[in-house]
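>>> return a 3D structure for these sequence lines:
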Amino acid sequence: MSTKKTPEERKEFQTMLRHMWKTAKELTEKEGNSVQAVIDTLGIEASPISFILVRSQMRAQGLEGTPYIDMKTFQGWIENGFKVKKGEKAKAYGITWVAVKSKDEDNKVMSEDDYMYPKAYYLFHKDQVEPIE
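A predicted model of the protein is given here:
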């Protein structure tokens, strides 16, 4: 997933990420507070929209489990005593939003108006990991 993308491909990917976020947001609004209740009960550090986004990808692929418990980043699995098996590719992604601020030539922030763009982080399923020996 670290292949170089052209500017057009990056723009298309960001557009797709924005669309996926919007769709997950709409689903979250339909489900109400039940998603937040699940997140709170399980102690998951994720927004309801992120939870829905990952859950929908898991369901589409027929993957069992709970987002952010059974799907983690590469580093997340290491922190929990597992390693991603050699050759495995991420099966889902989450989205984080990155703020870009206007700065002058001295690198001082000129404006508090932020531009946000989506950035993907990749997730591996519990079937793709093994305990660290």
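>>> could you list the low-confidence segments of the chain?
1-2, 103-114 (pLDDT under 70).
>>> how about the helices in it?
Per DSSP state H, the chain carries helices over the ranges 7-31, 34-42, 48-61, 74-79.
>>> and residue 130, which of those is closest to it?
For residue 130, the closest of the helices of the chain is helix 74-79, at 9.5 Å, according to Cβ to Cβ. Glycine gets a C-beta too; all of them are placed from N, C-alpha and C.
>>> output the contacting helices and strands for the closest one.
Helices and strands touching helix 74-79, by 3 or more Cβ pairs under 8 Å, 6 or more residues apart in numbering; DSSP states H and E, are strand 82-84, strand 115-125.
>>> need the residue closest to the centroid of this protein.
residue 94 (1.1 Å; Cα atoms, centre = their mean).
>>> contacts only, for the closest residue in space to residue 48 that isn't next to it in sequence.
Nearest non-adjacent residue to residue 48, counting by Cβ to Cβ, 6 or more residues apart in numbering: residue 35, 4.2 Å away. Contact analysis of residue 35 by Cβ atoms under 8 Å, 6 or more residues apart in numbering lists 28, 48, 51, 52.
>>> closest one of the residues you listed to residue 66?
residue 51 (8.8 Å).
>>> re the thing from before, CSV for the helices and strands packed on helix 74-79, including mean neighbour count and distance to residue 57?
CSV is the format used below for the helices and strands packed on helix 74-79 (neighbours: other Cβ atoms under 10 Å; distance: least, Cβ to Cβ, whole Å):
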stretch, mean neighbour count, distance to residue 57
strand 82-84, 17, 17
strand 115-125, 16, 8
